[in-house]
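**Q** build me a model from this:
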Amino acid sequence: ANVTVTDLEELQELLMVNIEHNKHLVTGSVRAKVLKWGEDVTEFQPPPDYILMADCIYYEESLEPLLKTLKDLTGPDTCILCCYEQRTMGKNPEIERKYFELLEMDFELEKIPLDQHDEEYRSEDIHIVNIHRKQ
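**A** Residues are numbered from 1 along each chain as shown. Predicted structure coming up:
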């Protein structure tokens, strides 16, 4: 695959280190780019086939920008796989509930059953959701 890994400007160096450490596993290409949620995504077009998200649901102020970015990035055939750890402390349950409530306005969600997760990494508090734009 041809992959673009994204994070904030201050984490680009770490992304580059990770790419370098794992280049022996890559059969396509990997590049690192800055992506700040809520901002312009023109340089990421056309829409990717897949978006992989890991632990992106963590504070309330990020929900609207994250959802805007997902709407702007996705096309009708884009598959989003969202993996997150369910956290039960503080405002985390409320933030998760709000995220999925807002997400369902524009996207269809399908929770991947635990028995379909990789055996080595499966855990009751780790969830994977398959997400597509509503038609």
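**Q** only C-alpha atoms from now on, for both contacts and neighbour counts.
**A** Noted.
**Q** secondary structure class for the spatially most central residue of the chain?
**A** Geometric centre of the chain, nearest residue: Met53, 1.8 Å, by Cα atoms, centre = their mean. Counting by DSSP: H, G, I helix; E, B strand; the rest coil, the backbone at Met53 sits in strand.
**Q** which residue is the nearest non-sequential neighbour of it?
**A** Nearest residue to Met53 in three dimensions, chain neighbours excluded: Cys82, at 4.7 Å (Cα to Cα, 6 or more residues apart in numbering).
**Q** now stretch 14-28, how far from the chain's geometric center?
**A** 19 Å (Cα atoms, centre = their mean, to the nearest Å).
**Q** for it, buried residues please.
**A** Leu15, Met16, Ile19 (16 or more other Cα atoms under 10 Å).
**Q** ok, the second one touching Lys33?
**A** This points to Met16. No: the pair Met16 / Lys33 is not scored as a contact, 9.7 Å apart, by Cα atoms under 8 Å.
**Q** list the helices and strands the helix or strand hosting Asn22 packs on?
**A** Here Asn22, judged by DSSP states H and E, is contained in helix 12-22. Secondary-structure packing of helix 12-22 (3 or more Cα pairs under 8 Å, 6 or more residues apart in numbering; DSSP states H and E): strand 2-7, strand 29-34.
**Q** circling back to that earlier point, contacts only, for the residue nearest to the centre of the chain.
**A** Ile80, Leu81, Cys82, Cys83 (Cα atoms under 8 Å, 6 or more residues apart in numbering).
**Q** which strands and helices sit next to the worst-scoring helix or strand of the chain on mean pLDDT?
**A** Ranked by mean pLDDT, DSSP states H and E, the weakest helix or strand in the chain is helix 92-103, scoring a mean of 90. Helices and strands touching helix 92-103, by 3+ Cα pairs under 8 Å, 6+ apart, are helix 63-73.
**Q** perfect, I'm done here.
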